[in-house]
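> need a 3D model of the following:
(4 chains, ligands or ions: 4)
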Amino acid sequence: MSDAKAAGNSARLLDLHRLMRRIRAFEEAAVAAHGTGEIPGPLHVSIGQEAVAAGVCLNLRRDDRITSTHRGHGHALAKGAGVAGMMAELHGRAGGHCGGKGGSMHIADFGAGMLGANGVVAGGIPIAVGAAQGLRLLGSDAVVACFFGDGAVNRGPFLEGLNWAALYRLPVLFVCEDNGVAAFTRTESTTAGPGIAARAEALGVPAETVDGNYAAAVDAAAARLLAAVRGGAGPRLLHARTTRLSGHTSTDAAAWRSTEEVAALQARDPIATLEAALLRQGASAEALAVVHAEAEAEMRDAREAARAAPWPDPASAWADVQDTGAAGRAA
Amino acid sequence: MSDAKAAGNSARLLDLHRLMRRIRAFEEAAVAAHGTGEIPGPLHVSIGQEAVAAGVCLNLRRDDRITSTHRGHGHALAKGAGVAGMMAELHGRAGGHCGGKGGSMHIADFGAGMLGANGVVAGGIPIAVGAAQGLRLLGSDAVVACFFGDGAVNRGPFLEGLNWAALYRLPVLFVCEDNGVAAFTRTESTTAGPGIAARAEALGVPAETVDGNYAAAVDAAAARLLAAVRGGAGPRLLHARTTRLSGHTSTDAAAWRSTEEVAALQARDPIATLEAALLRQGASAEALAVVHAEAEAEMRDAREAARAAPWPDPASAWADVQDTGAAGRAA
Amino acid sequence: MPEVTLVEATRLAVAQEMRRDPRVWVLGEDVARGGLFGQYRGFPEEFGEARAVSTPISESTIMGAGLGAALVGTRPVIEMRIFDFTLCAMDELANQIAKIRYMTGGQARPALVVRMPHGMWRSSAAQHSQSLEAWFVHLPGVVAVAPATPADAAGLLVAAIRSDDPVLVFEAKDLWQSVGPVPERIEPLPFGVARRVREGGDLTLVCWSALVPAADRAAAALAERGIGVDLLDLRSLWPWDEEAVCASVSRTGRLLVAQEAVTAAGFGAEVAARVVERLGPGNVRAVRRLGFPRVPVPFAPPLEAELRVTPERIVQTAEAMVRG
Amino acid sequence: MPEVTLVEATRLAVAQEMRRDPRVWVLGEDVARGGLFGQYRGFPEEFGEARAVSTPISESTIMGAGLGAALVGTRPVIEMRIFDFTLCAMDELANQIAKIRYMTGGQARPALVVRMPHGMWRSSAAQHSQSLEAWFVHLPGVVAVAPATPADAAGLLVAAIRSDDPVLVFEAKDLWQSVGPVPERIEPLPFGVARRVREGGDLTLVCWSALVPAADRAAAALAERGIGVDLLDLRSLWPWDEEAVCASVSRTGRLLVAQEAVTAAGFGAEVAARVVERLGPGNVRAVRRLGFPRVPVPFAPPLEAELRVTPERIVQTAEAMVRG
Ligand SMILES: Cc1ncc(C[n+]2csc(CCOP(=O)(O)OP(=O)(O)O)c2C)c(N)n1
Ligand SMILES: Cc1ncc(C[n+]2csc(CCOP(=O)(O)OP(=O)(O)O)c2C)c(N)n1
Ligand SMILES: [Mg+2]
Ligand SMILES: [Mg+2]
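Ligands and ions are numbered 1, 2, ... in the order given. Next up is the predicted model:
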């Protein structure tokens, strides 16, 4: 859909808003559960980046696929992964999408076309281009959205995967979530050259840069680019500038960022930004508060359910390795 | 030195000519020896690409370093590696630079700053940037030239290495020998986007494209770029369009190339091209013939010497692995 | 049965499966020219460029794209050209392919095959001669096979393509040209079943891949000297035929493992350790491993000869074990 | 001697060597912030950004640049952050670093250290928990160490930095916070010398890295039950202390190897096979290996607990070996 339409269509904005609120509420609940120790392992939240996941995935069909990152809750939720299964997985409980074997860094819901978060930076890129190649071979017109961070553009698979997708004109939308940081390092200090879009163009992948904290802008750009991708024009890259409002992990305070800097980031909060726009367009504060409350209730329930769920059967630890030559129960 | 000077200076052209003749003669001798079985293993010759090795390396100091490829005889010879040691190494004989342990694909002469051919495409790129970083740390003003083919620009280390060199402003001249083919595949069919120079620029590495079969042009461009690199301007890339007149290996006929295509390539022979220029500038055919004859004599002698050299002592196979925990002679 | 070379047998096997199942396809460098060894000769013509995909020199993506394509339901045959280049794709192979089924709780089924021509061949030196199959026995999530005859190579490839597991196929470059019978219709060969090459009562000799012919020559020579060798070609390394090996050793009392790979922490160590664990040291009279010393593969033929396992070395060692 | 954590011990060791030798430097991600675990805290301030280099997320180049820098005479300490990411740099490590000295006939001396925090730690799941040290025992051209105490970690790091060989240091993330004495002046600890943790006559228990504390607890429990365990912490995996292990087993007659890694084709297989080869099966009464099953590391704590080696499992197995 066109910018104008995206910006003008407040039903669409309300969909984006609800989705972003749900992502935020999911991750706030997860952070709380991680704080109490109920969620084990490392937890990377995308608080501040919700507009990218929402704006892209609202333009995808259920049979489209995505590959994600270590910071993948928003992508999964936006693509339609079941919330209960996600929350249970984070808790390592029975009923988790991955049976408690994956956790936050490996969350996946193949039924929803979510091919997996990834513990390896840029790890999803080759998988995404191959998925697109496979879909074409099967005669499907589904497309693939491949999410990665700005730290990933300095790993080899970025070059290989984009060149590959351009070469075979594969239906892939590469989405770079540029939050300016990689773990504890500013990516401006690790990334040479004119920028991410220019890198993509040099590999034959037309690219567009948007303010990733404006949901409507992401939505419009994604719609445009995905139309081209689905139309057979080959791959496209969406470079979305966004903000990591949290630390690298939920236990990282990112203390190296000045209070001024953090305040400046907070001022760009994509949800507050969208809510302001909605209010300007005449939405009622009450209505938005209801969405907020519903989202929090949904995730509170999900958390309660996960907390109440049993641990996976220990015997299940032996399953899902391989069909032939699977390890037997220790003697 | 400037283009004009390079083109005008026939003493320089004669140096280039002698060097290119020696490279050609070396590899023709090697092909002959491989044909008789005296040289074992795969042999990749650079016949048709001599102007790149010569034009670049004549602008390097002995304490500068190079990293090379599987097609590295020309680079090694141009950098000043000992011919006898190279020919012996190709034959796997005692007296080879690597004691017969490396062969053609691993030819190296550290004394001449030749850090090694490489059996892995793009394998030399990370090594080159690290060598430059190390040299700077040691306070040296030596620079590194990093040779690779057009097939290497589709491997991850190309992106990582160029980004890295640009980031730290390292003294590296990247030299892409673009002969249009990678083994049995045309690289136009495997490389997307606007081209190699554009890829480099997108990674923060200023690049220049030259006709790599015009020795004077390569010489001039290399001189210019190396002046910048040595001056602390950071890395540069030289994209040299050239011609692989042989097959991929000395036993590959590259039969998939039409006779017209081969004829067109032959017409661009860098040595014939340079000799024509020299004749136009008044050099005598006799003088050029003498250089040719001397080069062939030198390499004939080198081949004779290698052939006459003993095999390495079998016991030496156990040496040069590591200081601690080296394998003992089998019981 | 027609007699064909091992490389041709693999070509016939993959072609048969591509005719049977349109989801099967091949990707790798120079596939458009039939592959480096001709193992895909005629594929672009018969199956088209969409199913015989000639790729850039991008090993990480050749491997990773194969995985992605498997995740949406195709069955890729991933060609690595030479095993050693697999080291450019280890994240994709070891962190992604081997683990994704488990990490996703069984949602992912990476039904793919990785072909890796390996081992010493024509003085190719250290970066083109490695035999690192032991690494993948140690890696959960993959099946690993290393056939030594045209029939086994064909049968295991068909089984690999039909399997829902990622199957790693180690193909001995040095055996490409060896000739043997291959049926018109190639049936899948079950994983994990060893092939008894010779029967004998004095010593169990275990081998696989390129060492099988050397071991067979050694066994013949030993037979002439009155030493009966029970020669087993494992064919599959994971799963491997523990039953057959243990049954044999419990008869012969002696286990000799001969491998082209480096002995230290090689697959032979697993075979030896497992047999001793299962039978108990008291029921075994002698255990020895032969393999390459912990040295990279050198270029010069006499240096390679100094280090590699030969029939003579196998004979020497076996004799010492039986007589000593 | 001051008591410090293992992670602090490594920080002190590398800092000491960087003060001693200006050719020593560190490169890796987030080094400017002291490294992921604080093992480089204060380095940029003390040594400057040219010697404490914070890099892009470019593992291939972190590894390969380390090699290049070593080839011109510096002595880099290459930080891999988490072992599993080393799989993004395997060409550089296995094809280049491990082989270049040999391929060049001794011209190259890649005097470098690769630090790889490995193993299970805080439910990090399959891609952040691997213990693949066995792969590198099988790889000619490298030294491999896996210390378990602050003093050993410090001493082996100093030895690694001073060595002209490429030395791979497997650092157990799970032991970072364990505390022990470390001398003010850290001396290099020789490679290949095991540490006897306890003396006992009934069974030889061999372990390394994260399993050492578990093995020690098991040995204590066994002692209470009247079983004397000769507990050896190998510390170095290549070279490893064959002499000490064989001497111990020839006394106890029983060998149990306990490892965090997968048992199949793990380093324990090499230890077991070598001991049996050297002593002869007739001189050994029992051999067993304990390790992770051939399964990726799961996320949920109860699943991890189901699969991992525990003191209880070591006790059970040891008792069965001695009494059974
Ligand atoms: C290959 C690899 N190297 C290092 C890491 C450790 N790591 C995890 S997330 C991360 C930062 C990634 O930054 P970016 O790609 O920008 O994603 P963001 O965290 O900002 O969303 C790093 C270095 C990893 N997971 N994989
Ligand atoms: C990583 C890797 N993949 C594949 C190969 C096999 N191979 C050797 S040379 C070559 C072609 C390289 O082409 P290019 O870089 O253009 O160099 P050229 O041979 O044209 O000089 C290939 C594919 C290799 N050596 N390394
Ligand atoms: Mg980022
Ligand atoms: Mg080329």
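
> just the helices in the chain please.
In the absence of a named chain, chain A is used. Ranges of helices in chain A, per DSSP state H, are A:3-8, A:10-35, A:50-57, A:73-79, A:83-91, A:124-137, A:156-167, A:196-202, A:215-230, A:259-267, A:270-280, A:285-308.

> try chain C instead
Using DSSP H, helices in chain C cover C:6-20, C:43-47, C:59-71, C:90, C:98-103, C:133-137, C:150-162, C:211-224, C:242-252, C:267-279, C:301-307, C:311-323.

> deepest of the ones you listed, which one?
helix C:59-71 (a mean of 30; mean count of other Cβ atoms under 10 Å in any protein chain shown). No exception for glycine: its C-beta is placed from N, CA and C like everyone else's.

> picking up where we left off before, a markdown table for the helices of chain A, including mean neighbour count and mean pLDDT?
Converted to a markdown table, the helices of chain A look like this (neighbours: other Cβ atoms under 10 Å in any protein chain shown; pLDDT from 0 to 100):
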| stretch | mean neighbour count | mean pLDDT |
| --- | --- | --- |
| helix A:3-8 | 15 | 47 |
| helix A:10-35 | 21 | 97 |
| helix A:50-57 | 30 | 98 |
| helix A:73-79 | 28 | 98 |
| helix A:83-91 | 26 | 98 |
| helix A:124-137 | 30 | 98 |
| helix A:156-167 | 29 | 98 |
| helix A:196-202 | 23 | 98 |
| helix A:215-230 | 22 | 98 |
| helix A:259-267 | 11 | 96 |
| helix A:270-280 | 17 | 97 |
| helix A:285-308 | 16 | 98 |
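
> make JSON lines out of the ones you listed and add distance to C:P2.
Formatted as JSON lines, the helices of chain A follow (distance: least, Cβ to Cβ, whole Å):
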{"stretch": "helix A:3-8", "distance to C:P2": "64"}
{"stretch": "helix A:10-35", "distance to C:P2": "61"}
{"stretch": "helix A:50-57", "distance to C:P2": "54"}
{"stretch": "helix A:73-79", "distance to C:P2": "51"}
{"stretch": "helix A:83-91", "distance to C:P2": "53"}
{"stretch": "helix A:124-137", "distance to C:P2": "31"}
{"stretch": "helix A:156-167", "distance to C:P2": "38"}
{"stretch": "helix A:196-202", "distance to C:P2": "51"}
{"stretch": "helix A:215-230", "distance to C:P2": "48"}
{"stretch": "helix A:259-267", "distance to C:P2": "70"}
{"stretch": "helix A:270-280", "distance to C:P2": "67"}
{"stretch": "helix A:285-308", "distance to C:P2": "61"}
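
> quick check: closest non-adjacent residue to the closest residue to ligand 3 within the stretch 201-331 of chain A.
In the stretch 201-331 of chain A, no residue comes nearer to ligand 3 than A:R244, which is 6.5 Å away by Cβ to the ion. Counting by Cβ to Cβ, 6 or more residues apart in numbering or on different chains, A:N179 is the residue found nearest to A:R244 once chain neighbours are left out, at 4.0 Å.

> who's in contact with the one you found?
A:48-49, A:149-150, A:242-244 (Cβ atoms under 8 Å, 6 or more residues apart in numbering or on different chains).

> swap in 10 Å and give it another go.
Contacts for A:N179 (Cβ atoms under 10 Å, 6 or more residues apart in numbering or on different chains) come out as A:46, A:48-49, A:52, A:71, A:149-151, A:187, A:212, A:240-245, A:265.

> A:C176 now?
Neighbouring residues of A:C176 by Cβ under 10 Å, 6+ apart: A:52, A:146-153, A:158, A:196-197, A:199-200, A:207, A:209, A:212, A:237-242.

> pull up the per-residue confidence for A:A253.
Per-residue pLDDT puts A:A253 at 89.

> tally of neighbours for it?
A:A253 is flanked by 9 other residues according to other Cβ atoms under 10 Å in any protein chain shown.

> one step back: tabulate the helices of chain C (a markdown table), appending distance to D:G141 and mean pLDDT.
A markdown table is the format used below for the helices of chain C (distance: least, Cβ to Cβ, whole Å; pLDDT from 0 to 100):
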| stretch | distance to D:G141 | mean pLDDT |
| --- | --- | --- |
| helix C:6-20 | 31 | 98 |
| helix C:43-47 | 38 | 98 |
| helix C:59-71 | 21 | 99 |
| helix C:90 | 17 | 98 |
| helix C:98-103 | 25 | 98 |
| helix C:133-137 | 15 | 98 |
| helix C:150-162 | 31 | 98 |
| helix C:211-224 | 23 | 98 |
| helix C:242-252 | 31 | 98 |
| helix C:267-279 | 19 | 98 |
| helix C:301-307 | 14 | 98 |
| helix C:311-323 | 23 | 97 |
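
> for the ones you listed, which one sits closest to ligand 3?
Evaluated with Cβ to the ion, those place helix C:59-71 nearest to ligand 3, the distance being 20.8 Å.

> is the closest one anywhere near ligand 1?
No: on the criterion Cβ under 6 Å from any ligand atom, helix C:59-71 is out of touch with ligand 1, staying 11.3 Å away.
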